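**Student:** Take this sequence and fold it.
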Amino acid sequence: MPDPVSRLLVSSLPEENLLVNLPAEDRPSVVKALIQNLVATGKIQKGQAAAVTRLVNEREEKGSTAIGGGVAIPHTQVSFSDTVIAAFALLANGSGFNALDGAPVRYVFLILTPKDNVPLHHEMLKAVTSFVRRHIPIKALSGCRTPAEIKSVFQDYA
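**Tutor:** Residues are numbered from 1 along each chain as shown. Next up, the predicted model:
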């Protein structure tokens, strides 16, 4: 039985918000694609996309959210939601996200949490970092070719 933190990760990443084979893999393009996906799937409104982009960019200016090991977690807190909103992209080649270790980023988790719920924000970041620190789930993700395969990895290893 998965623990509550693991369940949070799995429940926050529905298959419709898992992207593969993006045409561009630089940080601005990936973040834009993830935000556009959230709009297309009704997780955020079209009018909120610019504010989310600005907030994510402001957070990134404070320091790279590329934590190393091929993982980036662009994240911010938003005032328009009382739940976690998340999307994930698996990049084919990886790109420059100014990673702390200089490695190309292949796994991007976009995390939006309620502005007035810092504990939930920390819990979601903990869920992602706990997942990506283990070698087997990352290796399993690297072989995924479809959103369904990615979802299966999250369900099996979170």
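**Student:** distance of Y107 from L34?
**Tutor:** 12 Å (C-beta to C-beta, to the nearest Å). Glycine gets a C-beta too; all of them are placed from N, C-alpha and C.
**Student:** any shared contact partners between those two?
**Tutor:** Common neighbours of Y107 and L34 (criterion: C-beta atoms under 8 Å, 6 or more residues apart in numbering): F88, A89.
**Student:** Can you find the helix or strand of this structure with the lowest average pLDDT?
**Tutor:** helix 4-12 (a mean of 84; mean pLDDT, DSSP states H and E).
**Student:** tell me which strands and helices that helix is in contact with?
**Tutor:** If you count contacts as 3 or more C-beta pairs under 8 Å, 6 or more residues apart in numbering; DSSP states H and E, helix 4-12 packs onto helix 118-132, helix 147-157.
**Student:** so P147 touches P14, yeah?
**Tutor:** No. Using C-beta atoms under 8 Å, P147 makes no contact with P14, being 9.2 Å away.
**Student:** So for the two, which sits in the more crowded spot?
**Tutor:** A side-by-side neighbour count of P147 and P14, using other C-beta atoms under 10 Å, places P147 first with 18 against 14.
**Student:** mind listing what the nearest residue to the more buried one once chain neighbours are set aside touches?
**Tutor:** In space, P147 comes closest to L18 once its chain neighbours are excluded; the distance is 4.0 Å by C-beta to C-beta, 6 or more residues apart in numbering. Residues in contact with L18, defined by C-beta under 8 Å, 6+ apart, are A87, F88, A89, L90, P147, I150, K151.
**Student:** show me the contacts for the third one.
**Tutor:** Contact analysis of A89 by C-beta under 8 Å, 6+ apart lists L18, L19, V20, L22, V30, A33, L34, Y107, V108, L110.
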